[in-house]
Structure formats: structure tokens, C-alpha cells
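**Q** Sequence first, then the predicted structure:
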Amino acid sequence: MWQLNLPSYQFNIKKEAEKLFIFDTQRKRFVSLTPEEWVRQNFIRYMIEEKHFPAALIAIETQIIVNSMKKRCDGIVYDKQMQPHIILEFKAPTVEITEETFNQVAVYNYKLQVDMFILSNGLQHFFCKRNTDGAGYIINTEIPDYRDL
């Protein structure tokens, strides 16, 4: 598999008709193992095991409607009242995180109105939090522990 800037984890991977699938514990089913999915599976595991995010509050591949268009958000972390709290966006390790990636999250946030989001390609990770004055974001490369949010 692709080497990432994350701890190593064991996954349930199977091969069918020359295609690889990975078991997604959040969706409770096997999904196609693409480079982006490898990043998502590793990063979600990192969030749960290392950063103490409650697995029950993380939704994967959530459909949202923005300006009458269906969009699919890679992930959303909900708060305890089940309101969107953090947007998750993942890219393949070969995809550079650019301003365009941040703009993609901004489109999702137009609908979700959260104060935080996380971007990762498995090599680079960004935690972004809205400034207290509401103008712009503070961007960090360290993902905080859930208990510190």
C-alpha cells in the first residue's frame, strides 16, 4: 500500500476479480481500495485511536445539497447534539493540497456552517479553525485531540 505520514494500522483487505477492497468500520462494509480511500481509512483510524474522536460521531461520504446540486462530503464529525462540527476532506497521496482543495471545503461549509475542517492527503494534514472574529481561518498542521476542541 501507499506509505503515509500516519501510524501504521492493520486493515481487512480482500481481492475480488483483481480489484482490492478494504473493510470500512464506519460504513460497516467493504469499499473499493483507491488511493483516496486508503488515506481516508488510515486518517479516520488515526482520529479515533490517537486523537480520541468518538467513532459514533464520524459520518463518511455524506451527501449534502448546495445550490440545488448534490455534493458528497468525504466526512463530517458531528457534535454530541448531532450537528455538523468538523468537515473532513481527503485526497490521494499524489494529489497536492492547494487553494482549490480549501475552496472545495468552503463550498461544503456554505451549507454546513461549521467552524473547523481537516484536510489530508495522507502526507500533509491541515486543521483549520475559524478565527474568533469570524474572518478567515487559523491553519495548523497538527491535528488536535478531540478532548481539546
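**A** Perfect, I can see it now. Numbers count the residues shown, from 1 in each chain.
**Q** Report back the residue of the protein that's furthest from centre.
**A** Ala17 (28.5 Å; CA atoms, centre = their mean).
**Q** In terms of pLDDT, where does Thr101 sit?
**A** At Thr101, the model reports a pLDDT of 90.
**Q** The helix or strand containing it: how far from the chain's middle?
**A** Using DSSP states H and E, Thr101 sits within helix 99-112. Counting by CA atoms, centre = their mean, to the nearest Å, helix 99-112 is centred 13 Å from the centre of its parent chain.
**Q** so what does it touch, helix or strand wise?
**A** Counting contacts by 3 or more CB pairs under 8 Å, 6 or more residues apart in numbering; DSSP states H and E, helix 99-112 is packed against strand 58-66, strand 69-78, strand 84-90, strand 116-120. All C-beta atoms are positioned from the backbone trio N, CA, C, and that covers glycine.
**Q** what does the first one contact?
**A** When contacts are defined by CB atoms under 8 Å, 6 or more residues apart in numbering, strand 58-66 is touched by residues 24, 26-27, 40, 44, 47-48, 70-78, 88, 107-108, 110-112.
**Q** again, 7 Å this time
**A** Applying CB atoms under 7 Å, 6 or more residues apart in numbering, the contact partners of strand 58-66 are 24, 26-27, 44, 70-78, 107-108, 110-112.
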